[in-house]
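**Q** what's the 3D shape of this:
(chains A and B)
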Amino acid sequence: MSLALDLFSFATIGLGVFFFIAGTVGLLRFPDTLTRLHALTKADNLGIGLIVIGLLPRADGLAALKLICVWGLILLASSTVSQLVGRAARHEETGE
Amino acid sequence: MNPANLGLALDFGLSTLALGIAIYAIAVRTTYAAVVSFVAYGLLLALVWIRLAAPDVALTEAAIGGGLTGVLLLGAAARLRVTEAGVEKERPGRVLRALAALLAAAVTAALIAALLALPTPAPTLAYEAAAGAPATGVGNAVTATLMAFRATDTFLEKVVLLLALLGVWSLARDDRWGGRPGLRHQADPKGVLVFLARLLPPIGIVFGVYLLWVGADEPGGAFAGGTVIAAMWLLAIMAKLADTPPIAHRGVRLLLVAGPAVFLLVGLGGLAFGAAFLSYPESIAKPLIIGIEIAMTITIAVTLGLLVSGAPERVDR
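**A** Residues are numbered from 1 along each chain as shown, chains lettered A, B, ... in the order given. Down below sits the predicted model:
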């Protein structure tokens, strides 16, 4: 059972780290603000989400609840900031 | 790889990154980029404090160094943008720059020498503080140190915070004195910022109070809690859901002095009935400390919010 849990955590956290690296590569390589934002949301949403899922079986009740709260708050903050940055970028490009 | 090596690799990566960003923040030419790297530096420093097993300092560093100072500096950068092009042309002379570099290098060398000259183990009062903490009824040795063993320092720090706010206010034009700090923020009433400013404060305020409450026994405390609450207030102000109060408002002034006043009263009580200024009777030490911390949290939240908002600029007519 614990081996299965370890494998599960290993797989999900590994996948989460992969999305973080992919997001970072995108942030460095993509040509403009909107596509770079697109790359960042992969790291923010999938990366953090998978890492939290991987950590959940290892945390006791209250710590698990805190992990889920952290995940939710990061989702809220990153989606809001993406919207604001995207809007500011469009503002700058079109000069509206 | 064994865990100790892994930890060492993490520490090495973290310090290299922190140093790199610190150098970038100084070397970069535009104010905005410097401020953004300073914020990233603050967050990295918080991680460094975590690695040094100092979560209390890490919380404060993340909230102040990464958060509120960042907002303060971003506001300053926005105001400086007009004059930045002119300043860019004026560079100090070669001699002055060489002298500045020499001074900075000398200070760094002196700090390194002082650090290397420390005996091993380094002199510390940490064990005494941890051993004495139970007498205050407070489980977190950091809170016990801040609120009991060196309470006078903490009290004076809060007064300094008030003086800093007075310094910011004194930049106001004479005819704006007593008005509302900062320019009125512009926000799309149906925009995403307003949505966040409606959704987040209930969570943030509960979290701020939680940090204050848990600070007695776990990492946290008045400063971290007050900063989180101040951030929620500033979010509402930026989304135009709230406005900064006029600084002549009596209630605002009362909130600003509430924390130091309660601290001072408790201190004088100690002088009158106890052994010395700020000495707490052991039986009611914890309620006294928590009482001071609650008053301090409110004052810190209002002070930091107003500090970031700036000098009064609008007078209601």
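**Q** Chain A contacts on the stretch 51-200 of chain B?
**A** Counting by CB under 8 Å from any CB of the partner chain, the stretch 51-200 of chain B comes close to chain A at B:Gly191, B:Val192, B:Leu193, B:Phe195, B:Leu196, B:Leu199, B:Leu200. Yep, even glycine has a C-beta here, placed from its N, CA and C like the rest.
**Q** So how do I select the buried members of those residues in PyMOL?
**A** A single PyMOL command selects the buried members of these (16 or more other CB atoms under 10 Å in any protein chain shown):
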select buried, chain B and resi 191+192+193+196+200
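**Q** Need the residues of the stretch 51-200 of chain B next to chain A in CSV (columns: secondary structure, pLDDT and distance to A:Arg87).
**A** Shown next, in CSV, are these (DSSP: H, G, I helix; E, B strand; the rest coil; pLDDT from 0 to 100; distance: CB to CB, whole Å):
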residue, secondary structure, pLDDT, distance to A:Arg87
B:Gly191, coil, 83, 8
B:Val192, helix, 87, 8
B:Leu193, helix, 88, 9
B:Phe195, helix, 90, 13
B:Leu196, helix, 90, 13
B:Leu199, helix, 91, 18
B:Leu200, helix, 92, 18
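**Q** out of the residues of the stretch 51-200 of chain B next to chain A, what pair is the most spread apart?
**A** B:Gly191 and B:Leu200 (14.3 Å; CB to CB).
**Q** any weak-confidence spans in the stretch 1-150 of chain B?
**A** B:1, B:88 (pLDDT under 70).
**Q** need the residues of chain A near chain B, please.
**A** Going by CB under 8 Å from any CB, the residues of chain A near chain B are A:Leu73, A:Leu76, A:Ala77, A:Thr80, A:Gln83, A:Leu84, A:Arg87.
**Q** So for chain B, the centremost residue is which one?
**A** Most central in chain B under CA atoms, centre = their mean is B:Ile64, positioned 3.7 Å from the mean C-alpha point.
**Q** show me the contacts for the closest residue to that one other than its chain neighbours.
**A** Spatial nearest neighbour of B:Ile64, chain neighbours left out: B:Thr227 (6.1 Å); criterion: CB to CB, 6 or more residues apart in numbering or on different chains. Contacts here follow CB atoms under 8 Å, 6 or more residues apart in numbering or on different chains; on that basis B:Thr227 touches B:Thr60, B:Ala63, B:Ile64, B:Gly67, B:Leu68, B:Gly208, B:Ile300, B:Ala301, B:Leu304.
**Q** Secondary structure element for B:Thr227, which one?
**A** Secondary structure assignment for B:Thr227, by DSSP states H and E: helix B:222-238.
**Q** Could I get the full set of helices for chain B?
**A** B:3-27, B:31-51, B:55-60, B:69-89, B:94-117, B:126-136, B:141-144, B:151-169, B:192-214, B:222-238, B:250-273, B:285-309 (DSSP state H).
**Q** Can you say which of the ones you listed is nearest to A:His91?
**A** Per CB to CB, nearest to A:His91 of the helices of chain B: helix B:192-214, 13.7 Å.
**Q** What are the buried residues along that closest one?
**A** Judged by neighbour count (16+ other CB under 10 Å), helix B:192-214 contains these buried residues: B:192-194, B:196-197, B:200-201, B:204-205, B:207-208, B:211-214.
**Q** next one: stretch B:175-194
**A** In stretch B:175-194, counting by 16+ other CB under 10 Å, buried: B:Arg176, B:Gly179, B:Arg180, B:Pro181, B:Gly182, B:Ala187, B:Gly191, B:Val192, B:Leu193, B:Val194.
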